[in-house]
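**Student:** my questions are about this predicted structure, shown below with the sequence.
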Amino acid sequence: MKRQLIKHVLTRRDYGATVTVAGWLRSRRESKGGFSFLLLNDGSCLTELQVVADGTLPNYTDELSHLTTGAALSVTGRLVESPGSGQSVEVHATEVTVHGEADPEQYPLQKKRMSFERLRELAHLRPRTNTFGAVARVRNALMAATHQFFQTRDFVCVHTPIITGSDCEGAGDMFAVSTLDPEHPPRGADGCIDYEQDFFARRTFLTVSGQLEGETHACALGRIYTFGPTFRAENSNTRRHLSEFWMVEPEMAFADLSDDADLAEAYIRHLIQHCLEHCHADLTFFNQWVDQGLLARLAALADAPYHRLSYTEAVDRLLSSGEAFEFPVEWGCDLQSEHERYLTEQVFAQPVIVTDFPEAIKPFYMRLNDDGKTVAAMDVLLPHVGEIIGGSQREERLDVLLERMALKGVDPEAYRWYVDLRRFGSVPHAGFGLGFERMVQFCTGMQNIRDVIPFPRTPRHAEF
């Protein structure tokens, strides 16, 4: 018989039907009546299915009576109404197949609470725990909601390159990609490494963003989005930073900063609503065990309005607050997480979109405003998180773009193809980037970003 997922079996009420399930044993409790209660979980949902294994089963004495947590089983049996209070249905087994045992002396996931720090050392096994199984399901739901949102709005999904010669952010914190012998690299007459002999005949890196390449397709297809891995070689050991993470980056032609902000607001609202609708059991679990204000916060933000104000207004609000911030505030500074959270949680008590940042602290590709001091950029800030989205209207004017590149020390020849977009049918366009793991953090209440990605990559950590 074809295996059925436990999440579907738990909703059935056709008692007497024969079902087949499979999963991993969470616990076995032996009864004095000569049978065992097996709690089975297959990862499809938070809840375990109770299986009653009778002592008359042919492999009960030799195998089933010795089963321990972590063993992998297949069960065929009869669906019955459960007399217990913890579940509506259970399965009375007619056949149990043991696929793989788990030595209790060695299997680390026993029925006891373990710290998230310890579970990071067991990243290959932690999806079997309630917390990380729930994280994986919420992450999956947010991925599905992302594609649903953009596809229903006629955006085209574009796969931008992971290996690139362009530094989108201009920060220089990029991982180099090379096939040269690191011990004996070829050198030119000047003594410098001769990258002409490298695989791509030039210096290449892992991408920090698919934005620049995404613009090429937005300026041909109208609306596109990318959803892929990005990499930052920042030596940041914080609960908010990863060296490898996923970004969602839409780009729209014939759009300005206001259109960009409208899209960002609608996108976040869609993600939260989708999560509340499709992940209720997992969110309830997080609300009970991880963040007791989670459900109320998500429900409040599902339809919440977003307050929009300029960077200059935001700085004025912070300066007049009387708060002793760790990082002092002045016009021209980068807003820190403490500033962002103060605006969303104390000043406005709602999500905030800050626009028109000083041009000196933003990359070359952002559109210069008429005042010559600010650019058409935006940050979307959420309570308890701070910045969740950063975006801008792109500079579509060739002369201004070249001036900005010169000001930032960017070689236009290295970005010849990008400059060409302004030479041939230039058009106003805008886009943003959302750090996907931060959105998963927000929707689960998990405090450390390393716990919302399957295998976290951080400084000095590349296990698994």
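**Tutor:** Now that the structure is in, tell me what you want to look at.
**Student:** tell me which residues in the helix or strand harbouring Gln148 are buried?
**Tutor:** Using DSSP states H and E, Gln148 sits in helix 130-151. Buried residues in helix 130-151, counted by 16 or more other CB atoms under 10 Å: 130-139, 141-142, 145-146, 149-150. C-beta: built from backbone N, CA, C; applies to glycine.
**Student:** just how off-centre is it within its chain?
**Tutor:** Mean C-alpha position of helix 130-151 versus that of the full chain (CA atoms, centre = their mean, to the nearest Å) differs by 9 Å.
**Student:** for stretch 76-88, same thing?
**Tutor:** Its chain's average C-alpha position is 36 Å from that of stretch 76-88, according to CA atoms, centre = their mean.
**Student:** just stretch 327-346 next, same as before
**Tutor:** Remark: stretch 327-346 is offset 24 Å from the chain centroid, using CA atoms, centre = their mean.
**Student:** please apply the same query to stretch 146-162.
**Tutor:** On the basis of CA atoms, centre = their mean, stretch 146-162 sits 16 Å off its chain's mean C-alpha point.
**Student:** quick one: contacts of that stretch?
**Tutor:** If you take CB atoms under 8 Å, 6 or more residues apart in numbering as the criterion, stretch 146-162 is touched by 206-207, 210, 213-214, 217, 221-229, 248, 250, 266-267, 270-271, 274, 436.
**Student:** at 6 Å what do you get?
**Tutor:** For stretch 146-162, contacts defined as CB atoms under 6 Å, 6 or more residues apart in numbering pick out 207, 210, 213-214, 217, 221, 223-226, 248, 267, 270.
**Student:** cool, and stretch 364-375?
**Tutor:** Stretch 364-375 is contacted from outside by 356, 358-359, 362, 376-377, 392-395, 400, 404-405, 408, 410, using CB under 6 Å, 6+ apart.
**Student:** which parts of it are buried?
**Tutor:** Phe364, Tyr365, Met366, Arg367, Leu368, Asn369, Thr374, Val375.
**Student:** in strands, which of the residues you listed appear?
**Tutor:** Among the buried residues of stretch 364-375, DSSP state E puts Thr374, Val375 in strands.
**Student:** tabulate the contacts of stretch 146-162 (TSV), appending neighbour count and pLDDT.
**Tutor:** Shown next, in TSV, are the contacts of stretch 146-162 (neighbours: other CB atoms under 10 Å; pLDDT from 0 to 100):
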residue	neighbour count	pLDDT
Thr207	28	95
Gly210	27	95
Glu213	22	96
Gly214	22	97
His217	19	98
Leu221	14	98
Arg223	20	98
Ile224	26	98
Tyr225	26	98
Thr226	23	98
Val248	24	98
Tyr267	23	98
His270	18	98
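**Student:** my guess is Ser178 contacts Phe200, does it?
**Tutor:** No: if you go by CB atoms under 6 Å, Ser178 and Phe200 don't touch, sitting 8.8 Å apart.
**Student:** residues near Met252, how many?
**Tutor:** 23 (other CB atoms under 10 Å).
**Student:** please enumerate the helices of the stretch 301-450 of the chain.
**Tutor:** Using DSSP state H, counting those that start in this stretch, the helices of the stretch 301-450 of the chain run over 311-319, 337-341, 398-408, 416-423, 436-444.
**Student:** what's the most buried one of those helices?
**Tutor:** Neighbour counts averaged per stretch over these are highest for helix 436-444, at a mean of 24; criterion: mean count of other CB atoms under 10 Å.
**Student:** and that one, average pLDDT?
**Tutor:** Per-region confidence: helix 436-444 scores 97 on mean pLDDT.
**Student:** stretch 192-204 too?
**Tutor:** Mean pLDDT, stretch 192-204: 94.
**Student:** which other residues reach it?
**Tutor:** Looking at what lies outside stretch 192-204 - CB under 6 Å, 6+ apart - the contacts are Ile163, Gly165, Val177, Ser178, Thr179, Leu180, Pro185, Pro186, Arg187, Gly188.
**Student:** can you give me the neighbour number for the closest residue to the fifth one other than its chain neighbours?
**Tutor:** Counting by CB to CB, 6 or more residues apart in numbering, the nearest residue to Thr179 once its immediate chain neighbours are dropped is Phe199, at 4.4 Å. Counted with other CB under 10 Å, residues neighbouring Phe199 total 12.
**Student:** and Phe199, what element?
**Tutor:** Going by DSSP H and E, Phe199 is not in any helix or strand.
**Student:** mind listing what Gln393 touches?
**Tutor:** Asp256, Leu257, Arg367, Ala376, Ala430 are the contacts of Gln393 under CB under 6 Å, 6+ apart.
**Student:** by neighbours, which of those residues wins?
**Tutor:** Scoring the contacts of Gln393 on neighbours with other CB under 10 Å, the highest-scoring entry is Ala430 at 29 neighbours.
**Student:** surely that residue touches Asp260?
**Tutor:** Yes: applying CB under 6 Å, one finds Ala430 in contact with Asp260, separated by 3.9 Å.
**Student:** distance check, Asp62 against Pro182.
**Tutor:** Note on Asp62: its distance to Pro182, by CB to CB, to the nearest Å, is 55 Å.
**Student:** same drill for these two, tell me which one is more crowded.
**Tutor:** For the pair Asp62 and Pro182, the greater number of neighbours falls to Asp62 (9 against 6), based on other CB under 10 Å.
**Student:** what helix or strand is Pro454 located in?
**Tutor:** Assigned by DSSP H and E, Pro454 belongs to no helix or strand.
**Student:** regarding the nearest residue to it once chain neighbours are set aside, what is its secondary structure?
**Tutor:** Among residues not flanking Pro454 along the chain, Ala123 sits closest, at 6.9 Å (CB to CB, 6+ apart). Ala123 falls in the coil class when you classify it by DSSP: H, G, I helix; E, B strand; the rest coil.
**Student:** go on, Arg153?
**Tutor:** Using three-state DSSP, the structure places Arg153 in coil.
**Student:** thinking again about what came up before, can you pick the most crowded of the contacts of stretch 192-204?
**Tutor:** Val177 (18 neighbours).
**Student:** go ahead and confirm that one touches Thr164.
**Tutor:** No: under the criterion of CB under 6 Å, Val177 is not in contact with Thr164, lying 8.8 Å apart.
**Student:** that older thread, among the contacts of stretch 146-162, which are located in helices?
**Tutor:** Secondary structure defined by DSSP state H assigns Glu213, Gly214, His217, Leu221, Tyr267, His270 of these to helices.
**Student:** reformat these as TSV; add distance to Arg12.
**Tutor:** Output for the ones in helices among the contacts of stretch 146-162, formatted as TSV (distance: CB to CB, whole Å):
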residue	distance to Arg12
Glu213	48
Gly214	45
His217	46
Leu221	45
Tyr267	36
His270	31
